[in-house]
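In: make a model of this:
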Amino acid sequence: MQHCDMRVWFPPQVQPELVPCNHCGSTEEEVLFEGPDRLLHLPGVFRVVKCLQCGWIRQNPRPTIETISYYYPSYYVNFIAAIEDEPSVWRRWDRRYGILKRRWAIERLQSKGRLLDIGCATGIFLQEMRKAGWDVMGIEPHSEAAEYARKHFGLPVYVGVLRDVVLPFNSFDVITLWDVLEHLHTPWADLKQINHLLKDNGLLVIRVPNLESIDARLFGPFWVGWDLPRHLYLYPQKALIAALAEIGFVVEERRCFAGNYSAFLSSLQFYLEDRHPLWIHFSQRMLRLLYSVPARLVFAPLFWLSDQLYLSSTVTLFARKRKR
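Out: I've put the predicted structure just below:
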């Protein structure tokens, strides 16, 4: 991976910290690259390293848990509210279909029961599962998003992170983390706690950026999956599957089924903005064209194929908790 001639720095509002690998505790690391916040353009330059012991990839140094909220403003993309609030009919249909695909993927492997969604944002997924007959609960660290889920949908959503919420062991049939594990300061400890919360034979669903994707290889440090500084850990698939096995999970299925086209265009936009700043107006017009429905239909077969080959920008693991 390319190294960038940049210097790591954080704004005064953010306290940085140097940390060992949360999985294996090693401090042996290889610097992969340094880069800015390409999504929201908030100040700072951040470093990505690879653990030479277990292979997990992390941001180091990183914002502390007390100050990282600076990089999660209310307009952060994951806090878009209800589907019906989308101004575009196409976007409403697209988001609705994406939520349905999540539900169908789970119900192929698990009958209805009690479901916990960690990092539930504004509760769109939880609302869909509740309408389908599931008993649902959510945890969301962003107070505005959690409040929206409570008021708009009437969902039971706790404000905070997993370790802040006291829940009984062996009480959930399914626990989901949609685009969440990469945001956690202590993912290894959280995965072990999740194992305790799941019933025997319960299902853990994790969607993470796919380091083996075509996008990651093509765009390098401009890949949207890095999302510095919000993504604190990224996981090679084999390393994550091995780590899950350490605490009693068996991965039953891998699937790529969401957001591949939009992620590709976001990475392309980051690349063009960095490498061709004089072309920025042209690139914006080109991207608007590529986001159109006809363009999506033209490229749909190519991105469908990348899904089948597990080469999409995100990958979802479905892991079963072994019986004790």
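
In: please count neighbours and contacts with C-alpha atoms only from this point.
Out: Will do.

In: nearest spatial neighbour of residue 121, skipping sequence neighbours?
Out: Nearest-residue entry for residue 121: residue 145, 5.3 Å, with adjacent residues in sequence omitted and distances by CA to CA, 6 or more residues apart in numbering.

In: swap in residue 28?
Out: Excluding its sequence neighbours, the residue lying closest to residue 28 (CA to CA, 6+ apart) is residue 52, at 5.6 Å.

In: all strands in the stretch 1-150 of the chain, in order from the N-terminus.
Out: Per DSSP state E, counting those that start in this stretch, the stretch 1-150 of the chain carries strands over the ranges 16-17, 29-36, 45-51, 57-59, 62-63, 114-118, 135-140.

In: for residue 298, find the nearest of these.
Out: strand 29-36 (32.6 Å; CA to CA).

In: which parts of the closest one are buried?
Out: Buried residues in strand 29-36, counted by 16 or more other CA atoms under 10 Å: 29, 31, 32, 33, 34, 35, 36.

In: quick one: strands adjacent to that strand?
Out: If you go by DSSP bridges, strand 29-36 pairs up with strand 45-51 (antiparallel).

In: can you list the residues that contact the strand it pairs with?
Out: Strand 45-51 has contacts (CA atoms under 8 Å, 6 or more residues apart in numbering) with 6-10, 21, 26-37, 56-62, 228-229.

In: hmm, try it at 7 Å
Out: 7-10, 21, 28-36, 56-61, 228-229 (CA atoms under 7 Å, 6 or more residues apart in numbering).

In: centre-most residue in the protein?
Out: Of all residues in the chain, the one closest to the mean position by CA atoms, centre = their mean is residue 179, 1.9 Å from it.

In: okay, strands next: where are they in the stretch 151-300 of the chain?
Out: 157-159, 172-178, 198-209, 233-234, 249-255.

In: residue 135: which of the ones you listed is closest?
Out: strand 172-178 (9.5 Å).

In: with only the CA atoms kept, save that closest one in PDB.
Out: Extracted C-alpha coordinates of strand 172-178, given in PDB (Å, rounded to 0.1, in the frame of the first residue of the first chain):
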ATOM      1  CA  PHE A 172     -30.900 -13.000  22.400                       C
ATOM      2  CA  ASP A 173     -31.500 -15.200  19.400                       C
ATOM      3  CA  VAL A 174     -29.800 -12.800  17.000                       C
ATOM      4  CA  ILE A 175     -27.400  -9.900  17.500                       C
ATOM      5  CA  THR A 176     -26.500  -7.700  14.500                       C
ATOM      6  CA  LEU A 177     -23.700  -5.200  13.900                       C
ATOM      7  CA  TRP A 178     -24.300  -3.500  10.600                       C
END
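
In: so who does residue 171 touch?
Out: 197, 198, 199.

In: can you put those residues in JSON lines and add distance to residue 15, pLDDT and neighbour count?
Out: Conversion of the contacts of residue 171 to JSON lines gives the following (distance: CA to CA, whole Å; pLDDT from 0 to 100; neighbours: other CA atoms under 10 Å):
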{"residue": "197", "distance to residue 15": "32", "pLDDT": "98", "neighbour count": "20"}
{"residue": "198", "distance to residue 15": "34", "pLDDT": "98", "neighbour count": "24"}
{"residue": "199", "distance to residue 15": "38", "pLDDT": "97", "neighbour count": "20"}
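
In: can you count the residues close to residue 292?
Out: 11 (other CA atoms under 10 Å).

In: how far away is it from residue 110?
Out: Noted for residue 292: a distance of 36 Å to residue 110, by CA to CA, to the nearest Å.

In: pull the CA atoms of stretch 107-125 into PDB?
Out: The C-alpha coordinates for stretch 107-125 follow below in PDB (Å, rounded to 0.1, in the frame of the first residue of the first chain):
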ATOM      1  CA  GLU A 107     -34.700 -15.200   8.400                       C
ATOM      2  CA  ARG A 108     -33.100 -17.800   6.000                       C
ATOM      3  CA  LEU A 109     -30.900 -18.900   9.000                       C
ATOM      4  CA  GLN A 110     -32.900 -18.100  12.100                       C
ATOM      5  CA  SER A 111     -36.600 -18.300  13.000                       C
ATOM      6  CA  LYS A 112     -38.200 -15.300  14.700                       C
ATOM      7  CA  GLY A 113     -37.100 -14.500  18.300                       C
ATOM      8  CA  ARG A 114     -35.400 -11.700  20.200                       C
ATOM      9  CA  LEU A 115     -33.000  -9.500  18.300                       C
ATOM     10  CA  LEU A 116     -30.500  -6.900  19.500                       C
ATOM     11  CA  ASP A 117     -29.100  -4.400  17.000                       C
ATOM     12  CA  ILE A 118     -25.900  -2.700  18.200                       C
ATOM     13  CA  GLY A 119     -25.300   0.700  16.600                       C
ATOM     14  CA  CYS A 120     -29.000   0.800  15.400                       C
ATOM     15  CA  ALA A 121     -28.800   4.500  14.300                       C
ATOM     16  CA  THR A 122     -32.300   5.800  13.700                       C
ATOM     17  CA  GLY A 123     -33.900   2.300  14.000                       C
ATOM     18  CA  ILE A 124     -35.000   1.700  10.400                       C
ATOM     19  CA  PHE A 125     -33.800  -1.900  10.500                       C
END
